[in-house]
Every structure is written in C-alpha cells, then in structure tokens.
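Enquirer: Provided below are the primary sequence and the corresponding predicted coordinates.
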Amino acid sequence: MKKFIIYSTILAAFSMPHFASADIVKRACLSSSAKTKSVRLCGCLQVAADATLNGAEQRKTAELISDPDLSQDVKASDSRRNERFWKRYTTFSQVAQKYCS
C-alpha cells in the first residue's frame, strides 16, 4: 500500500506542470561530470526530487551529486538525521531509476 501511495504521488508530480522549484538537483546534475547527463534526465531527476524530498533534502542531494564521495560518509554516519535522510534519498533514487531511465 505504501508503494502504491508513493508511486501515485510520483505519477501526479510527473503529470503536473513544474513551476515553483529552485531546481537545485537539476542544476547540480547539469554541472556534474557525468557523461550521461542531459537536460531531459536532469529535469526528470528534479521532478523525482520534488515528489520525494523536501528542500533541505534536495540541497543535500545536490551536494551528493556534486561530491559523490560524500555519499559514503552520509551512509556510514551514526547520525539519526543522516539515517533519516538516507532512507528518503534511497526512495528518491528508486523513483528516479524507475521513471528517468
């Protein structure tokens, strides 16, 4: 049931016009060194981020895109805040993989 709600929310987010967003994830994606980046892919990642992450989590995700080595530090951290973030980030990653590939 939880997955159904998440995917329903994502589908709604993908079908709605994309207006008020700082596009921080999209901008981090476009400025990354990834060879497979594109405007379409980075835009899709932003929509997935808007649907699954709050503003602070999007900023942290942008940091991870800019500095991939940081992700291991966050994942291995004993901080409850980082643990909660990592769970949300994992959901974002799953949604992005499903809809943006």
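Expert: That came through, no problem. This is a predicted model, so every value here is computed, not measured.

Enquirer: from now on I want contacts and neighbour counts done on CA atoms only, so please keep to that.
Expert: Will do.

Enquirer: low-confidence stretches in the chain?
Expert: 1-21 (pLDDT under 70).

Enquirer: could you pull out the helices in it for me?
Expert: Taking DSSP state H to define them, one finds helices in the chain at 2-15, 24-31, 39-52, 55-66, 69-76, 80-100.

Enquirer: those helices into a markdown table, with extra columns for mean neighbour count?
Expert: Output for the helices of the chain, formatted as a markdown table (neighbours: other CA atoms under 10 Å):
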| stretch | mean neighbour count |
| --- | --- |
| helix 2-15 | 13 |
| helix 24-31 | 20 |
| helix 39-52 | 21 |
| helix 55-66 | 18 |
| helix 69-76 | 13 |
| helix 80-100 | 15 |
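
Enquirer: find the nearest non-adjacent residue to S71, please.
Expert: L64 (5.7 Å; CA to CA, 6 or more residues apart in numbering).

Enquirer: need the contact list for the closest residue to V25 other than its chain neighbours.
Expert: Leaving aside its sequence neighbours, V25 sits nearest to A62 (CA to CA, 6+ apart; 5.0 Å). Taking CA atoms under 8 Å, 6 or more residues apart in numbering as the criterion, A62 is in contact with I24, V25, A28, C29.

Enquirer: list the contacts for the first one?
Expert: The contact partners of I24, by CA under 8 Å, 6+ apart, come to Q46, Q58, R59, A62.
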